[in-house]
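Asks: Predicted model follows, preceded by the sequence.
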Amino acid sequence: MIATSFLKKPWVLAVILAVALAGGSWWYFSKGSADEFQTAKAVRGDLIQTVSVTGRVKPAQSVNLAFEKGGRVARVNAKVGDRAYAGQVLVSLENADIAAQLKAEEAKLAELVSGSREEDVNIQKVKVSNAEIALGDAKVGMTNALRDAFTKSDDAIRNKVDQFISNPKSSSPQINFTVFDSQLERDIEWGRIEMEKILTDWDLPDVAKTKENLDKIKSFLDKISLAVNSLSASGSLSQTTVDSYRADVLTARTNINTTISGITSAEEKLRSAQSSLNLAQEDLALLLAGTRPEKITAQEASVENYRAQLVKTLIRAPISGIVTKQDAKVGEIVGAASSVVSLISESNFEIEANIPEADIAKAVTGNEAEATLDAYGGGIIFKAVISSIDPAETVLEGVATYKTILQFVEKDERIKSGMTANVDIITERRENVIYIPQRAAITQDGLKIVRVIDGGKIREVAVETGIIAEGNIEIVVGLNGGEEVITFIPEGFLPSSGSGFGGHF
């Protein structure tokens, strides 16, 4: 009876309930939480931040070679797979004419350097005389061509065409047959008036005016040809007459075209003869005046010019390496600037990789890296270093990336072009720092905090963090090392933010 009444007192029930709750909490945290909480130690050591990318091995140097000028292939000295040394001639074009001219220019330079001889002066005087005769002949040829131009033009208009035009020399000439095109008929009749003026005012010595006249006559005859070629025999016009008109107009057109070609040829001969005379006279003057330094310099420049032309007929290897492409064939014509031969450096290789935008801020030129090649597995490490980062982005599958080149630190015969490389770029290296698992540092109210178990209680510690590497984060301020930090707490255990902790283990 006493025990029953004792238990019925309110304060006794409250004490029993409190003891029960405390015991339950103790059991939960000391027994049940063993599998729920996860912790880790704050340790001191070295932390290395890396960026991992995949790239491809390529030659550090690769060149595509082409001729500066086109020509016919004379010689091929290397095939695909051959080793070439720097300066080796790989392909050459036919260049005998340039080589001969070079020898001539070199001989001329040697003469200038050695000075003039009397027999050389006499020989050059003969050359000048011959050049003067050739120029005179060219002038006579031009005069004859100009006279022939007038004769052929006069015959074409006043004989070949006027046979079917009434009143040809008047101000109102008329064609004697019906023309299918009224506009063409008017052009011919008005054109005949212009032709008469051209023939009347013809100035034989004027080459430019003669060429202009011939062009106008040619155009006029083209229209005449259209008219007569559309003719058909009729009661007033026999087929024989039609054929005769056509033949005469064809002859007139042929004569004018031949005359135009003749004047062009005569002009070229005249220019060539004048040029030859000028050159011969200059050479004679040079011999008579003796060798002057500027003349020698000019001739040296001429020699160098031909040497440069000769070089343009050769493809030389600019680097030592392996021939990977050789498309030239002896006897074929190749064009200028068309890639014929390709080389890659034999022993110097690099890795080309693309770093995503999210990681590019971490990487800088000079960062060290460790690479493995798929061909040899992950157990063989090749050292490398970033040599360049492209400032312009390259978009791959919608993601902005930046092309990065890494140079191998050491030459290695196992490295070959085209191999796939897995690269860990060391972007930061911190020695003797405190770090914890990254998931142990959380953000709360804008601050980084870590939950530390201290004396059976959980307390929040504000921290400053540094780099993140391999799932760990550097603690710059807030921990001294050795603390046990919580990396995982079950949901619902922790009270609301800012209330603190009083839970015991």
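Replies: Good, I have the coordinates.
Asks: any weak-confidence spans in the stretch 251-400 of the chain?
Replies: For the stretch 251-400 of the chain, applying pLDDT under 70 flags the ranges 290-291, 346-347.
Asks: hmm, 50 instead?
Replies: By pLDDT under 50, the stretch 251-400 of the chain has no low-scoring segment.
Asks: ok, which stretches of it are helices?
Replies: With DSSP state H, counting those that start in this stretch, the ranges of helices along the stretch 251-400 of the chain come out as 293-311, 357-360.
Asks: Could you export those helices as JSON lines, including distance to Glu212 and mean neighbour count?
Replies: For every residue, glycine as well, the C-beta is placed using N, CA and C. JSON lines is the format used below for these (distance: least, CB to CB, whole Å; neighbours: other CB atoms under 10 Å):
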{"stretch": "helix 293-311", "distance to Glu212": "38", "mean neighbour count": "14"}
{"stretch": "helix 357-360", "distance to Glu212": "69", "mean neighbour count": "14"}
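Asks: May I have the secondary structure class of Ser92?
Replies: strand (DSSP: H, G, I helix; E, B strand; the rest coil).
Asks: got a list of what it touches?
Replies: By CB atoms under 8 Å, 6 or more residues apart in numbering, Ser92 lies in contact with Val73, Ala74, Arg75, Asn77, Thr313, Leu314, Ile315.
Asks: residues near Trp190, how many?
Replies: 13 (other CB atoms under 10 Å).
Asks: same check, this time on Lys211
Replies: 16.
Asks: How about Ala86?
Replies: Other residues within reach of Ala86 by the criterion other CB under 10 Å amount to 11.
Asks: likewise Lys362?
Replies: Neighbour count for Lys362, taken as other CB under 10 Å: 16.
Asks: Please apply the same query to Val385.
Replies: By the criterion of other CB under 10 Å, Val385 has 15 neighbours.
Asks: starting at the chain centroid, how far to stretch 134-150?
Replies: 52 Å (CA atoms, centre = their mean, to the nearest Å).
Asks: Over to stretch 408-416?
Replies: Relative to the mean C-alpha coordinate of its chain, stretch 408-416 is positioned 29 Å out (CA atoms, centre = their mean).
Asks: Identify each buried residue in it, please.
Replies: The neighbour-count check on stretch 408-416 (16 or more other CB atoms under 10 Å) flags Phe408, Ile415 as buried.
Asks: same question, stretch 372-381
Replies: The neighbour-count check on stretch 372-381 (16+ other CB under 10 Å) flags Thr372, Leu373 as buried.
Asks: hey, which helix or strand in the chain has the poorest pLDDT?
Replies: Every helix and strand in the chain was compared by mean pLDDT, DSSP states H and E; the lowest is helix 2-7, with a mean of 44.
Asks: which residues sit in contact with Gly87?
Replies: By CB under 8 Å, 6+ apart, the contact list for Gly87 reads Arg316, Ala317.
Asks: try 10 Å this time
Replies: Contact analysis of Gly87 by CB atoms under 10 Å, 6 or more residues apart in numbering lists Arg316, Ala317, Pro318, Ile319, Ser320.
Asks: Looking at the contacts of Ser92, which is nearest Ser52?
Replies: Ile315 (41.9 Å; CB to CB).
Asks: so that closest one makes contact with Ala74?
Replies: No. Assessed by CB atoms under 10 Å, Ile315 is found out of contact with Ala74, at 11.7 Å.
Asks: neighbour count winner among these two?
Replies: More crowded of Ile315 and Ala74, by other CB under 10 Å: Ile315, with 23 against 16.
Asks: And the strands in the stretch 1-150 of the chain?
Replies: Under the criterion DSSP state E, counting those that start in this stretch, the stretch 1-150 of the chain contains strands at 38-41, 43-59, 62-65, 71-76, 83-84, 89-93.
Asks: nearest to Ala110, of these?
Replies: For the strands of the stretch 1-150 of the chain, the distance to Ala110 is smallest for strand 89-93, at 26.1 Å, taking CB to CB.
Asks: Parallel or antiparallel, list what pairs with the closest one.
Replies: Here strand 89-93 is paired, per DSSP bridges, with strand 71-76 (antiparallel), strand 314-316 (antiparallel).
Asks: tell me, how many neighbours does Ala392 end up with?
Replies: Under the neighbour criterion other CB under 10 Å, Ala392 is assigned a count of 6.
Asks: That one: what's it in contact with?
Replies: Residues in contact with Ala392 (CB under 10 Å, 6+ apart) are Tyr402, Lys403.
Asks: 4 is where my numbering starts, stick with that
Replies: In the new count, where the first residue is 4, that last one comes out as Ala395.
Asks: From Asp165, how far off is Glu371?
Replies: From Glu371 across to Asp165, the span is 96 Å (CB to CB, to the nearest Å).
Asks: Over to Thr154?
Replies: 16 Å.
Asks: now swap in Ala110 and tell me
Replies: Going from Ala110 to Asp165 by CB to CB gives 62 Å.
Asks: Looking at the two now, which is surrounded by more residues?
Replies: For Ala110 versus Asp165, neighbours defined as other CB under 10 Å are more numerous around Asp165 (17 against 11).
Asks: so the residue lying closest to the more buried one once chain neighbours are set aside, which of the three states?
Replies: The shortest distance from Asp165 to any residue other than its chain neighbours is 4.2 Å, reached at Pro171 (CB to CB, 6 or more residues apart in numbering). Secondary structure for Pro171, judged by three-state DSSP, is coil.
Asks: which phi and psi does Pro171 have?
Replies: phi -60, psi -30 (degrees, to the nearest 10).
Asks: quick one: contacts for it?
Replies: Ile160, Arg161, Val164, Asp165, Gln177, Ile178, Glu192, Arg195, Ile196, Met198, Glu199.
Asks: buried subset of these?
Replies: Using 16+ other CB under 10 Å as the burial test, these include Ile160, Arg161, Val164, Asp165, Ile178, Glu192, Arg195, Met198, Glu199 as buried.
Asks: Now, these that are in strands?
Replies: Residues of the buried ones among the contacts of Pro171 located in strands (DSSP state E): Ile178.
Asks: I figured Ser345 hits Pro321, correct?
Replies: No. Contact between Ser345 and Pro321 fails when scored by CB under 10 Å: they sit 11.7 Å apart.
Asks: Those two: which has the busier surroundings?
Replies: Legend: neighbour count by other CB under 10 Å for Ser345 and Pro321, higher for Ser345 (17 against 13).
Asks: Quick check: bridge partners of that one?
Replies: Here Ser345 sits in beta bridges with Asn67, Lys328, going by DSSP bridges.
Asks: how near is it to Val337?
Replies: Plainly put, Ser345 is 14 Å away from Val337 if you go by CB to CB.
Asks: got it, and Glu463?
Replies: 77 Å.
Asks: Just want to know which of those two has more residues nearby.
Replies: A count of neighbours by other CB under 10 Å puts Val337 above the other of Glu463 and Val337, at 21 against 17.
Asks: How far does the strand ranked longest in the chain sit from its chain's centre?
Replies: Identified as the longest strand of the chain according to DSSP E is strand 380-399. With CA atoms, centre = their mean as the basis, strand 380-399 stands 24 Å off its chain's centre.
Asks: Can you check what angle separates it from strand 46-62?
Replies: In terms of direction (axes from the mean of the first three to the mean of the last three CA atoms, to 10 degrees), strand 380-399 departs from strand 46-62 by 70 degrees.
Asks: Quick check: neighbours of strand 380-399 in the sheet, parallel or antiparallel?
Replies: Within its sheet, strand 380-399 is paired with strand 371-376 (antiparallel), strand 402-411 (antiparallel), according to DSSP bridges.
Asks: Rebuild the ones you listed as TSV, extending it with distance to Arg274.
Replies: Output for those, formatted as TSV (distance: least, CB to CB, whole Å):
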stretch	distance to Arg274
strand 371-376	67
strand 402-411	56
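Asks: Which one, of these, ends up nearest to Leu240?
Replies: Nearest of those (CB to CB): strand 402-411, 81.2 Å.
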